[in-house]
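S.K.: Here is a sequence together with a model predicted from it:
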Amino acid sequence: MTPSDETRYRNVGRSLSLLGRYGQQYAKFEQILAIDPAHPNALLCRGYASEKLGRYEEAISTFERVISLRPRLSLAWQGRGIALGRSGHYEEALTSFNQALKFESEDYRSWQNHGKTLINLYRYRDAIASFDRVIELKPENYKAWYNRAIALASLNDNQTALTSLNIALKIKPTSDYLWNYRGQVLGKLHQVSEAIVSFENAIRINARSASAWYGKACCYAIEQNVESAIGCLEQAIALSPSVYRNLASTDIIFSFLHTDERFQALIHSPAVTSAS
């Protein structure tokens with residue numbers, strides 16, 4: 001596999017990702033494969049389309065077919081790893097990403113997926129090393145700083161996680177999930193007022209972020225601010241009833257509200273209508 005071949009395959013994959021019409025593209029590649037079943041380009045793209053459509057077993061077998069034809073093609077190993085990870089086979093996914101990196105050691109995407117898989121395997125320190133490698137290759141990759149923060153917070157190194165999140169937000173200040181996670185980390189650091197500001201920023205960007213509304217409710221609960229806690233909790237439950245009604249009913253942080261009629265109504269109401 002020459003560098004020009006690798007670039008060509010990557011460009012095709014990127015074009016498919018940008019199009020986003022995976023069902024249409026899948027049909028297109030099926031037509032090509034009906035004529036030439038061993039067309040590596042079409043197989044590779046069909047594999048990625050299958051993965052995006054949630055057909056993980058099909059994607060895995062397709063990538064394995066590509067690998068049998070082009071064993072040194074890192075994109076095929078990476079695609080196989082992504083599909084394996086999506087289907088919960090993390091050890092096998094890690095093996096695939098290791099193979100991808102063996103053939104293209106400076107592919108920051110493979111390092112990113114490598115790190116995310118290590119998080120799923122609870123190997124947080126190894127994951128941090130992978131994200132550090134991404135950052136060496138792509139310092140402005142905010143997702144690497146974010147994933148690094150997740151691994152650090154999982155080790156209870158919340159202050160360093162906060163530093164990573166602050167860098168990520170300098171790169172991508174319009175990301176609601178970065179602000180949301182920053183709020184969660186600040187909550188762990190008992191910096192409640194700052195956490196509320198972060199959750200508010202997340203909500204300002206994405207008013208339908210149920211997680212941010214819930215995080216903000218938790219902060220107000222810590223402050224014993226009943227009205228604000230119930231108001232935010234109402235929004236979270238309205239946006240994602242099955243998740244946040246159950247979570248709030250068992251979350252010890254809301255125990256002081258258990259005798260409040262409004263809280264009980266939220267927990268036991270069959271439906272809540274969110275504000276527009």
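M.R.: Sure, I can see it. Numbers count the residues shown, from 1 in each chain.
S.K.: Surely Phe131 is in contact with Gly115?
M.R.: Yes. Applying C-beta atoms under 8 Å as the test, Phe131 and Gly115 come out as touching, 4.6 Å apart. The C-beta positions use only the backbone N, C-alpha and C, and glycine is treated the same way.
S.K.: and for the two, which residues touch both?
M.R.: Ala144, Asn147, Arg148, Ala151 (C-beta atoms under 8 Å, 6 or more residues apart in numbering).
S.K.: could you dump those residues to a markdown table with pLDDT?
M.R.: Listed next are the shared contacts of Phe131 and Gly115 as a markdown table, based on pLDDT from 0 to 100:
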| residue | pLDDT |
| --- | --- |
| Ala144 | 98 |
| Asn147 | 98 |
| Arg148 | 98 |
| Ala151 | 98 |
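S.K.: Among the residues you listed, the buried ones, what's the ChimeraX command?
M.R.: The following ChimeraX line selects those of those that are buried, judged by 16 or more other C-beta atoms under 10 Å:
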select :144,147,148,151
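S.K.: Looking at the shared contacts of Phe131 and Gly115, point me to the pair that's furthest apart.
M.R.: Ala144 and Ala151 (10.6 Å; C-beta to C-beta).
S.K.: Tell me which residues are up against stretch 126-137.
M.R.: By C-beta under 8 Å, 6+ apart, stretch 126-137 touches 106, 108, 111-112, 114-116, 118-119, 141, 144-145, 147-148, 151-152.
S.K.: What are the buried residues along stretch 208-221?
M.R.: Applying 16+ other C-beta under 10 Å to stretch 208-221 flags 209-221 as buried.
S.K.: returning to that earlier point: pull up the overlap in contacts between Ala144 and Ala151.
M.R.: Counting by C-beta under 8 Å, 6+ apart, the contacts common to Ala144 and Ala151 are Gly115, Phe131.
S.K.: So which of the contacts of stretch 126-137 sit within helices?
M.R.: Counting by DSSP state H, those place 108, 111-112, 114-116, 118-119, 144-145, 147-148, 151-152 in helices.
S.K.: if we take those residues, which one ends up nearest to Tyr56?
M.R.: Nearest member of the ones in helices among the contacts of stretch 126-137 to Tyr56, counting by C-beta to C-beta, is Lys116, at 15.9 Å.
S.K.: so where's the chain uncertain?
M.R.: 1-34, 36-40, 270-276 (pLDDT under 70).
S.K.: Pull out the buried members of the contacts of stretch 126-137.
M.R.: Neighbour-count burial (16+ other C-beta under 10 Å) applied to those gives 108, 111-112, 114-116, 118-119, 141, 144-145, 147-148, 151-152.
S.K.: farthest-separated two in those?
M.R.: Among those, Tyr108 and Leu152 lie farthest apart (C-beta to C-beta), at 19.2 Å.
S.K.: Just the buried residues of the stretch of helix or strand Asp126 belongs to, please?
M.R.: Assigned by DSSP states H and E, Asp126 belongs to helix 124-137. Within helix 124-137, the residues that qualify as buried are Tyr124, Asp126, Ala127, Ile128, Ala129, Ser130, Phe131, Arg133, Val134, Ile135, Leu137, counting by 16+ other C-beta under 10 Å.
S.K.: Equivalent analysis for stretch 238-246, please.
M.R.: Within stretch 238-246, judged by 16+ other C-beta under 10 Å, the buried ones are Ala238, Leu239, Ser240, Pro241, Tyr244, Arg245.
S.K.: Dump these to CSV, plus distance to Asp260 and secondary structure.
M.R.: Below are the buried residues of stretch 238-246 laid out as CSV (distance: C-beta to C-beta, whole Å; DSSP: H, G, I helix; E, B strand; the rest coil):
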residue, distance to Asp260, secondary structure
Ala238, 18, helix
Leu239, 21, helix
Ser240, 21, coil
Pro241, 19, helix
Tyr244, 17, helix
Arg245, 15, helix
